[in-house]
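Enquirer: Mind folding the following:
(one chain, ligands or ions: 1)
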Amino acid sequence: MVRFRSVTKTYGDAAPAVRDLNLDIGAGSITVFVGPSGCGKTTSLRMINRMVEPTSGTIEVDGRDISTVKAAQLRRSMGYVMQSSGLLPHRTVLDNVATVPRLNGTPRREARRRAAELLDVVGLASALGERYPAQLSGGQQQRVGVARALAADPPVLLMDEPFSAVDPVVRAELQEELLRLQKELAKTIVFVTHDIDEATILGDKVAVFATGGRLAQYAAPEEILRAPVDEFVAGFVGRDRGFRHLSFQDGTAVPLHPVQLIAADRLPDPAATVDGGWALCVDSDGAPLGWVPADRRAEITGTADLVPGGSLYPQGTSLRRALDAALSSPAGLGVAVDADGRAAGVVKAGEILALIEAARLQRAGS
Ligand SMILES: Nc1ncnc2c1ncn2[C@@H]1O[C@H](COP(=O)(O)OP(=O)(O)OP(=O)(O)O)[C@@H](O)[C@H]1O
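Expert: Here you go, the predicted model:
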């Protein structure tokens, strides 16, 4: 879909910002360019829509050499989202989103109708459409930026550190939202970040750039974490790579154990003597609220006294989520929740580690 052929970019007489880049980007997938600052990620991205021209080499989109396509036309066929949302401050949100369709000749009413739909697609309330960008939070502005990039329904979406200016919680939400959107839209997305975690969460494939504009490794995220090709990639991926790799290992085989549940409206626990272990307090829907320690059952008289729980393990997700739930739980028991958020049982770190080891032995033997 997007193909770099021996592409080099040199600004003035500096050393090349991008050096002999050869890369095939698959249609309908998310490809992430990741690497330290100044390694040529943005330059590579911008060469795809001719915001930057290569010094040598060619780039093809759908088999067509883009140097033969007018830059303005090419740019309108690709959505572009950047770090600062880049919204026009004096236009309402709705008019910002409608900008490109209007340039492409869509009548104003139709463009605004479609823009309103897109706000919904990216999870924004329609009332926000009449606001100005400065009246939105950073996360909302980024969502508008994504809506605007999608407005002309381009097959290719270029995203340059779109989520790096928002706080980690909003960032995680935006990442999930992008993955959800991509399931429906199946765009060809090229995404730049310097955050390896973001790259492995989002990327179907990840291109790790090294200092000096060299492509160090291009592979699926699992492979980059499991088998970095050289010292540079290993160093960039970081010390937690073994743990992060667990994100790609299926957790369905993790044994689930029953746990004693106490309904919040029955605190303090009337059966304070039961098996002596930790008990999990749940709300009326069965969602976990916190723990009642074995030796303090009589003292816990309401939900405010509960010992806060650790992270939750949505059943059947990755070993990483399962292990993190177990390790972060004050009871040493990771709480598994079903699709409706109800406590479904608990998982134990030792058993998860045994599964990890079994999977390793199986890989080694195959
Ligand atoms: N317009 C420009 N003129 C001159 N040099 C530039 C220009 N744009 C980028 N460079 C240089 O090219 C190199 C690569 O920059 P680029 O922005 O592509 O890297 P990056 O990996 O995206 O970095 P960052 O993560 O910091 O944005 C850097 O040394 C940068 O200083």
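
Enquirer: mind listing what Leu128 touches?
Expert: Contacts of Leu128 were listed using CB atoms under 8 Å, 6 or more residues apart in numbering, and they are 93, 119, 136, 140, 144. All C-beta spots, glycine's among them, are computed from the backbone N, C-alpha and C.

Enquirer: State whether it is indeed within a helix.
Expert: Yes - counting by DSSP: H, G, I helix; E, B strand; the rest coil, Leu128 is part of a helix.

Enquirer: Low-confidence stretches in the stretch 201-350 of the chain?
Expert: For the stretch 201-350 of the chain, the stretches with pLDDT under 70 are 270-276.

Enquirer: Show me the helices in it, by range?
Expert: 221-226, 231-237, 241-245, 319-328, 349-365 (DSSP state H, counting those that start in this stretch).

Enquirer: would you turn the contacts of Leu128 into JSON lines with neighbour count and pLDDT?
Expert: Converted to JSON lines, these look like this (neighbours: other CB atoms under 10 Å; pLDDT from 0 to 100):
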{"residue": "Val93", "neighbour count": "28", "pLDDT": "94"}
{"residue": "Leu119", "neighbour count": "21", "pLDDT": "91"}
{"residue": "Leu136", "neighbour count": "18", "pLDDT": "92"}
{"residue": "Gln140", "neighbour count": "22", "pLDDT": "90"}
{"residue": "Val144", "neighbour count": "28", "pLDDT": "92"}
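
Enquirer: and which of these is nearest the ligand?
Expert: Of all the contacts of Leu128, the ligand sits closest to Val144, with 22.2 Å by CB to the nearest ligand atom.

Enquirer: Show the contacting residues for that closest one.
Expert: Counted by CB under 8 Å, 6+ apart, Val144 has contacts 85, 87, 93, 96-97, 119, 122, 124, 128, 133, 136.

Enquirer: Equivalent analysis for Gly302, please.
Expert: With CB under 8 Å, 6+ apart, Gly302 has these contacts: Leu267.

Enquirer: Would you mind measuring from the closest residue to Val307 other than its chain neighbours to Ala165?
Expert: In space, and not counting its chain neighbours, Val307 is closest to Trp291: 4.4 Å by CB to CB, 6 or more residues apart in numbering. Using CB to CB, to the nearest Å, Trp291 is found at 36 Å from Ala165.

Enquirer: more neighbours, those two?
Expert: Ranked by neighbour count (other CB atoms under 10 Å), Trp291 and Ala165 place Trp291 first, with 24 against 16.

Enquirer: Test my guess that that one contacts Ala279.
Expert: Yes - counting by CB atoms under 8 Å, Ala279 is a contact partner of Trp291 at 7.2 Å.

Enquirer: Can you get me a residue count around the closest residue to Val156 other than its chain neighbours?
Expert: Leaving aside its chain neighbours, Val156 sits nearest to Met78 (4.4 Å; criterion: CB to CB, 6+ apart). Using other CB under 10 Å, Met78 has 21 neighbouring residues.

Enquirer: contacting residues for Met78?
Expert: 48-49, 154-158 are the contacts of Met78 under CB under 8 Å, 6+ apart.

Enquirer: can you tell me how far the closest residue to Ser84 other than its chain neighbours sits from Leu355?
Expert: Nearest residue to Ser84 in three dimensions, chain neighbours excluded: Ala165, at 6.7 Å (CB to CB, 6+ apart). Distance, Ala165 to Leu355, by CB to CB: 39 Å.

Enquirer: Pretty sure the residue nearest to Ser84 sits in a strand.
Expert: No - Ala165 is assigned coil when assessed by three-state DSSP, not a strand.

Enquirer: Quick check: phi and psi on it?
Expert: phi -100, psi 0 (degrees, to the nearest 10).

Enquirer: right, and it touches Gly145 too?
Expert: No - the criterion here is CB under 8 Å, and Ala165 misses it with Gly145 at 10.7 Å.

Enquirer: In the stretch 101-250 of the chain, which residue sits nearest the ligand?
Expert: At 4.9 Å from the ligand, His194 is the closest residue in the stretch 101-250 of the chain, using CB to the nearest ligand atom.

Enquirer: got a list of what that residue touches?
Expert: With CB under 8 Å, 6+ apart, His194 has these contacts: 34-37, 41, 161, 164.

Enquirer: make it 6 Å
Expert: Listed by CB atoms under 6 Å, 6 or more residues apart in numbering, the contact set of His194 is empty.

Enquirer: what pLDDT does it get?
Expert: His194 carries a pLDDT value of 91.

Enquirer: which ones are touching Leu355?
Expert: Here Leu355 is in contact with Ala253 (CB under 6 Å, 6+ apart).

Enquirer: repeat that for 8 Å
Expert: Contacts of Leu355 (CB under 8 Å, 6+ apart): 253-254, 319.

Enquirer: hmm, back to that, could you measure the residue of the stretch 101-250 of the chain closest to the ligand against Ala17, distance?
Expert: Relative to Ala17, and taking CB to CB, His194 is found at 15 Å.

Enquirer: repeat for Ala98
Expert: Taking CB to CB, one finds Ala98 at 35 Å from Ala17.

Enquirer: Tell me which of those two has more neighbours.
Expert: Ala98 (27 against 20).

Enquirer: Might you report the residue contacts of the more buried one?
Expert: By CB under 8 Å, 6+ apart, the contact list for Ala98 reads 106, 108, 111-112, 114-115, 151.

Enquirer: repeat for Leu202
Expert: Leu202 is in contact with 30, 32, 175, 178-179, 191, 193, counting by CB under 8 Å, 6+ apart.
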